[in-house]
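Below is the sequence, then the predicted model.
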Amino acid sequence: MFWRARTTSGRAICLSDQFPGIKVEEVMRGRVTFVGLPAVDLGTDVDWTANPHGNRSWALNLHALRWVGRLVAEYERTGEPGYLDRAAALADHWIRANPRGARGISPWAWAEHAVALRAPALVCLSEHVRTPRLWDSLAEHGEILANPALYREGHNHGLDQDIALLVVGCRLGRARWRDLAVRRMTASAELAIDAQGALHEQAPRYGLYVHRRLGVALRAIGESGAETPQRLVARRTALEAYIAHATEPDGRLVPIGDGPADLRAAGFPREGPVVRVFDGGYVFGRTAWDDPRSAHYSIRFGPGRRLHGHEDHLGVTYTAHGRRILVEAGFHSYERTGYVEWTRSPQAHNVPVVAGTFRPGTATRLVSSSVGPSRQSFELTDDAYGVSRTRRILVNHGPDLMAVHDSVPAGTLRSLWHFDPSLELVSWGDGRVVLGDGDYRVTLLQVPGTGQAVRPGLVSPGYLRTAEAVTVLSPEAAGVLTVIVPGSAAPGVSVSGQVMTVDTPSGPVTFQAP
């Protein structure tokens with residue numbers, strides 16, 4: 001069937017540093033550890049249908065065989081033949097045990113992302129092991145990767161498919177596969193990353209992933225002998241601004257969409273304007289670059305939810321004084337549970353929830369913005385509940401303060417506020433909620449205050465983790481003003497006409513009250 005694959009070969013492009021780190025001696029003993037879950041003893045005769053943790057990511061990692069690719073890399077680094085023998089035996093066993101289309105095999109065996117991640121590992125192995133079965137499998141992987149019906153254009157999976165097709169094409173001497181991969185990844189990048197650098201997958205974590213994988217892709221293109229598309233280089237470069245602005249002062253990415261709250265992004269240029277509006281649906285602002293105590297905030301708007309996004313439009317996050325203050329429920333996992341489904345809902349975000357039926361996937365407009373050195377304001381609106389809901393946001397720096405007014409022209413709403421798990425409830429009453437961590441205090445003020453609720457909630461500080469956190473639910477009204485005052489337990493408040501003054505430890509902040 002694949003005789004041509006057995007008789008034609010080219011260069012094995014093996015970018016071994018793309019494979020994750022493993023405990024090599026553990027794998028040699030038949031044990032594997034994936035996605036931070038406890039180690040599993042696979043034994044010598046691996047059961048490829050196993051999924052002992054019932055975890056989707058674990059199953060994907062098993063069948064991606066990137067851990068086998070790491071064994072090949074360790075053989076190349078150390079010269080230890082046992083590593084290569086183990087890698088060859090595992091790959092051969094996988095190929096024999098998982099014929100495509102057979103009954104009883106794991107659904108993850110030939111899932112499109114598993115194919116894309118596995119093929120480069122098989123290419124690396126083929127540099128040292130040449131068997132008809134391995135060559136046939138490489139050709140089968142290539143046919144699948146080249147199939148337009150299975151291609152994920154504009155998606156991080158599609159990028160992985162392109163990288164895999166390129167290296168398989170080079171290994172089997174099929175220039176048309178290599179050239180197809182380069183054409184596709186260029187067109188796909190221009191679909192996925194806009195000219196400002198925002199990734200349409202709606203999660204900064206995937207911006208980081210795509211940037212890293214584009215680096216692998218560009219290296220593979222260079223080694224293949226193909227011409228490097230400058231349009232592809234330009235989109236990768238543009239992506240760096242999006243990642244840098246989405247990185248909080250402590251180096252962690254703001255956990256918007258499917259992105260864990262503990263993921264760090266280092267090495268990106270931290271320069272230029274401290275406030276940036278990305279037309280793809282983000283506002284990111286800070287007081288300064290490279291200051292761990294800088295304030296930082298994010299605001300979501302733009303196209304309706306897609307791919308790795310959440311129903312977080314009009315949502316905000318807020319960091320000040322080196323502390324996360326307003327957070328969202330965040331990303332827990334890809335598991336299909338009620339909690340995971342809830343983390344993607346409006347109720348898991350800092351948004352106004354309107355009485356009525358929510359319409360998923362509704363776009364939100366940024367109506368206006370005003371950006372000054374110490375104060376920024378924004379107005380957003382949408383009709384996600386069948387009525388216009390409008391959010392006006394004011395962020396003040398030095399003193400730090402965030403004021404948010406939510407309103408609807410008819411009916412009522414309640415705004416939700418999720419606080420970082422480090423902040424515990426200190427006191428509550430008369431529209432004033434005080435939270436603290438040790439001697440540090442944060443105050444939330446709301447007008448109206450009668451009917452306000454404070455309740456325990458859950459947020460995800462990392463993958464497969466949850467932590468108790470305080471959630472504040474505003475009174476039900478046609479309009480609600482919420483003021484967040486970091487670093488203060490008892491800010492004085494005065495109103496003169498429509499002007500509100502909040503006395504903070506760093507001085508008074510005056511603004512127009514609705």
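Looks like it came in fine.

May I see the buried residues of the longest helix along the chain?
Ranked by residue count under DSSP state H, the longest helix found in the chain is helix 204-224. By neighbour count with 16 or more other CB atoms under 10 Å, helix 204-224 contains the buried residues 204-211, 213-214, 216-221, 223-224. In this view, the C-beta of every residue, glycine as well, is placed from N, C-alpha and C.

pull the CA atoms of it into CSV?
Output of helix 204-224 as CSV, limited to C-alpha atoms (Å, rounded to 0.1, in the frame of the first residue of the first chain):
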residue,chain,number,x,y,z
PRO,A,204,-4.1,34.5,25.8
ARG,A,205,-2.7,31.1,26.9
TYR,A,206,-3.2,29.9,23.3
GLY,A,207,-1.4,33.0,22.1
LEU,A,208,1.6,31.8,24.0
TYR,A,209,1.2,28.3,22.7
VAL,A,210,0.8,29.4,19.1
HIS,A,211,3.8,31.7,19.4
ARG,A,212,6.0,28.8,20.6
ARG,A,213,4.7,26.4,17.9
LEU,A,214,5.2,29.0,15.2
GLY,A,215,8.8,29.1,16.4
VAL,A,216,9.0,25.4,15.8
ALA,A,217,7.4,25.8,12.4
LEU,A,218,9.8,28.4,11.2
ARG,A,219,12.8,26.3,12.3
ALA,A,220,11.3,23.3,10.4
ILE,A,221,10.7,25.4,7.3
GLY,A,222,14.3,26.6,7.4
GLU,A,223,15.7,23.1,7.8
SER,A,224,13.4,21.8,5.0
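
Let me see the mean pLDDT of that helix.
Mean pLDDT, computed over helix 204-224, is 96.

what's the answer for stretch 33-44, then?
For stretch 33-44, the per-residue pLDDT averages 93.

ok, and what's touching that stretch?
Applying CB atoms under 8 Å, 6 or more residues apart in numbering, the external contacts of stretch 33-44 come out as 22-23, 26, 30-32, 50, 52-53, 55, 57-58, 61-62, 67, 463-464.

of the residues you listed, buried ones?
Here, 16+ other CB under 10 Å leaves 22, 32, 53, 55, 57-58, 61-62, 67, 463 buried among the contacts of stretch 33-44.

Now render these as TSV, adding distance to Ala295.
Putting the buried ones among the contacts of stretch 33-44 into TSV (distance: CB to CB, whole Å) gives the following:
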residue	distance to Ala295
Ile22	40
Val32	43
His53	39
Asn55	37
Ser57	34
Trp58	38
Asn61	38
Leu62	43
Trp67	42
Tyr463	27
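
Can you show me the strands along the stretch 151-300 of the chain?
All strands of the stretch 151-300 of the chain, identified by DSSP state E, counting those that start in this stretch, fall at 275-278, 282-286, 296-300.

Redo those strands as CSV? Include mean neighbour count and mean pLDDT.
As requested, these are exported to CSV (neighbours: other CB atoms under 10 Å; pLDDT from 0 to 100):
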stretch, mean neighbour count, mean pLDDT
strand 275-278, 19, 98
strand 282-286, 23, 98
strand 296-300, 25, 98
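
To what extent is the nearest residue to Thr362 once chain neighbours are set aside buried, counted in neighbours?
Closest residue to Thr362 apart from its sequence neighbours, by CB to CB, 6 or more residues apart in numbering: Ala384 at 3.9 Å. Using other CB atoms under 10 Å, Ala384 has 26 neighbouring residues.

next one: Gly372
Other residues close to Gly372 by other CB under 10 Å number 10.

same check, this time on the one 10 residues further on
For Asp382, the number of neighbouring residues by other CB under 10 Å comes to 19.

do the same with Leu145
27.

Repeat that for Ala102.
Neighbours of Ala102 using other CB under 10 Å come to 10.

Look up the pLDDT of it for me, please.
95.

Could you pull up the contacting residues of Val426?
Val426 touches 434-436, 441, 489, counting by CB under 8 Å, 6+ apart.

what lines up beside the one helix or strand it maps to in the sheet?
Assigned by DSSP states H and E, Val426 belongs to strand 424-429. Sheet pairing of strand 424-429 (DSSP bridges) gives strand 432-437 (antiparallel).

Give me the buried positions along the partner strand.
432-436.

Remind me what the helix or strand following it packs against, helices and strands.
As assigned by DSSP H and E, the chain's next helix or strand after strand 432-437 is strand 440-447. Applying 3 or more CB pairs under 8 Å, 6 or more residues apart in numbering; DSSP states H and E, one finds that strand 440-447 contacts strand 432-437, strand 479-486.

tell me the angle strand 440-447 makes with strand 479-486.
Using axes from the mean of the first three to the mean of the last three CA atoms, to 10 degrees, the inter-axis angle of strand 440-447 relative to strand 479-486 is 170 degrees.

quick one: the following helix or strand past strand 440-447 to chain centroid distance?
The helix or strand immediately downstream of strand 440-447 is strand 453-459, counting by DSSP H and E. In terms of CA atoms, centre = their mean, to the nearest Å, the centre of strand 453-459 is set 24 Å apart from its chain centre.

Work out for me the element the nearest residue to Arg455 once chain neighbours are set aside sits within.
Distances taken as CB to CB, 6+ apart place Thr471 nearest to Arg455, at 5.5 Å, with adjacent residues excluded. Using DSSP H and E, Thr471 maps to strand 467-473.
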